[in-house]
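> Have a look at this fold, sequence not included:
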Ligand code: BGC
């Protein structure tokens, strides 16, 4: 899903290599367009909850939810006021579409090149924003979200920092547009996604084909010329040779889907499934999607709810930065384990705070100080996620995947992530209505399981080049029984980006 823009994969060692040449306009633009893919993904995550909490939007598209909300405004069961399958479908439909599209996107990219698959993503985004911004009925809203999902499948780069920036921008925009008199602010919120969509569309048109993709399509001379242009120097022989070797190695990968099912790739297969599954079972998207709705459930007014979402969005962004800067020093396991403990404590506290006030009946008025304390605890939870499972949920499955099974492993990770994002988006509001405050204890229990999983099954991967990973599994107390001596699980990979420039494994 993502590749380092300024860091080329080295075919010989899978390590970061410095090649001559600087930051040319091409590299800058490629980075911008790729980063915008992550940004728009985040924007779509953050925007739906905010518009859902706006009365003019609710009364127009989901009148029954609006009535229920109005009735429970002074007393009444708060847990169930947003419980509507249609309403959750507005949020969740995007992720089913993204899941299906990401399966096709890989073949389109292989046949037509990255440039055209980004362009296809950009155009679909634009169509989705237009439908959403101009919606007059629920069908237009949901179709628009589906098109946005297709765009995500084509253009998303899982760049965790850009995702969090996109979420924060969406939170800020919702805060601003909710104040627009006339009640059409939600149109602006949904329509403004057209700005990054236009950057992707126009940017991809200006981007030439990448040297990689030209090589892949049997045009070596053009690839070399392009590499010289991209790097801004004629001295590209080493990098070109590495690209050719990487291309050959990648062509030698013939049966990634068959191979990943072999016993010796069991650790990688388990990580490709378990890590995105657990990432979503942290419950993070309950906050990212539904923060404004959740805060309204707690009795906040519209503006305070949207403001609180801005606060959690800001904490999310800043804490992801903490991860970017510490992950290669502290190591993956330390961040996972600390983040897990922090999320656990915060979820138990949120459950207790909500349970103590709302009990089973869901009827309560919450004093301002009490509600503020709940927001603070939620921020503690978001910070714990954002420096652990948020970025590492993408980084770790990528960095343990050797080349021969990489295409399959990466697709599985993306598919499980999208599927689980859909499931959580769809299930949260009905579950809140039925399980009430206990829902937060449910997520806390999931965090206990995933933290134990990391403690027992994930070896430290900090600073381990991909070709040395086989040795790491072979000495692991559990995985060694699957990875037989003599197996060659060497491989090389393009590394996932934490920021814009690849945080490639050294
Ligand atoms: C997750 C998203 C989540 C985001 C929050 C990402 O790593 O994949 O589902 O919304 O983090 O920042």
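Here it is on my side, so go on. Not measured: the values here are computed from a predicted model.
> Helices of the stretch 1-150 of the chain, start to end?
Counting by DSSP state H, counting those that start in this stretch, the segments of the stretch 1-150 of the chain that form helices are 25-52, 55-61, 63-71, 85-112, 114-133, 138-155.
> Let me know which of the ones you listed is the nearest to the ligand.
The ligand lies closest to helix 25-52 among those, at 4.7 Å (Cβ to the nearest ligand atom). Yep, even glycine has a C-beta here, placed from its N, CA and C like the rest.
> Quickly check: that closest one near the ligand or not.
Yes: against the ligand, helix 25-52 shows contacts by Cβ under 6 Å from any ligand atom at residue 45.
> Could you pull out the buried residues of that helix?
The neighbour-count criterion (16 or more other Cβ atoms under 10 Å) identifies 26-27, 29-52 as the buried residues of helix 25-52.
> Same question for stretch 171-186.
Taking 16+ other Cβ under 10 Å as the neighbour-count basis, stretch 171-186 is seen to contain the buried residues 171-175, 177-178, 185-186.
> now the helices of the stretch 1-150 of the chain as a markdown table including mean pLDDT?
Formatted as a markdown table, the entries for the helices of the stretch 1-150 of the chain read as follows, by pLDDT from 0 to 100:
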| stretch | mean pLDDT |
| --- | --- |
| helix 25-52 | 89 |
| helix 55-61 | 95 |
| helix 63-71 | 88 |
| helix 85-112 | 89 |
| helix 114-133 | 93 |
| helix 138-155 | 95 |
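> one step back: now render the buried residues of stretch 171-186 as JSON lines, adding secondary structure, distance to residue 363 and pLDDT.
Rendered in JSON lines, the data for the buried residues of stretch 171-186 read as follows (DSSP: H, G, I helix; E, B strand; the rest coil; distance: Cβ to Cβ, whole Å; pLDDT from 0 to 100):
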{"residue": "171", "secondary structure": "helix", "distance to residue 363": "29", "pLDDT": "96"}
{"residue": "172", "secondary structure": "helix", "distance to residue 363": "33", "pLDDT": "97"}
{"residue": "173", "secondary structure": "helix", "distance to residue 363": "33", "pLDDT": "97"}
{"residue": "174", "secondary structure": "helix", "distance to residue 363": "28", "pLDDT": "96"}
{"residue": "175", "secondary structure": "helix", "distance to residue 363": "29", "pLDDT": "96"}
{"residue": "177", "secondary structure": "helix", "distance to residue 363": "32", "pLDDT": "97"}
{"residue": "178", "secondary structure": "coil", "distance to residue 363": "26", "pLDDT": "95"}
{"residue": "185", "secondary structure": "helix", "distance to residue 363": "31", "pLDDT": "97"}
{"residue": "186", "secondary structure": "helix", "distance to residue 363": "29", "pLDDT": "97"}
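> ok, back up a step: just put the helices of the stretch 1-150 of the chain in CSV and tack on distance to residue 206.
Formatted as CSV, the entries for those read as follows, by distance: least, Cβ to Cβ, whole Å:
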stretch, distance to residue 206
helix 25-52, 7
helix 55-61, 36
helix 63-71, 43
helix 85-112, 17
helix 114-133, 9
helix 138-155, 15
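> Local confidence estimate at the closest residue to the ligand within the stretch 51-200 of the chain?
Among residues of the stretch 51-200 of the chain, the one nearest the ligand by Cβ to the nearest ligand atom turns out to be residue 164. It sits 4.6 Å away. Per-residue pLDDT puts residue 164 at 96.
> before we move on, which element is it in?
With the criterion set as DSSP states H and E, the secondary-structure element containing residue 164 is helix 160-177.
> That helix: how far from the chain's middle?
For helix 160-177, the gap between its own C-alpha mean and the chain's C-alpha mean amounts to 13 Å (Cα atoms, centre = their mean, to the nearest Å).
> Kindly calculate the angle that it makes with helix 25-52.
50 degrees (axes from the mean of the first three to the mean of the last three Cα atoms, to 10 degrees).
> For the nearest residue to residue 363 once chain neighbours are set aside, grab the count of nearby residues.
Closest residue to residue 363 apart from its sequence neighbours, by Cβ to Cβ, 6 or more residues apart in numbering: residue 75 at 5.8 Å. Other residues within reach of residue 75 by the criterion other Cβ atoms under 10 Å amount to 11.
> What helix or strand is residue 235 located in?
With the criterion set as DSSP H and E, no secondary-structure element contains residue 235; it sits in neither a helix nor a strand.
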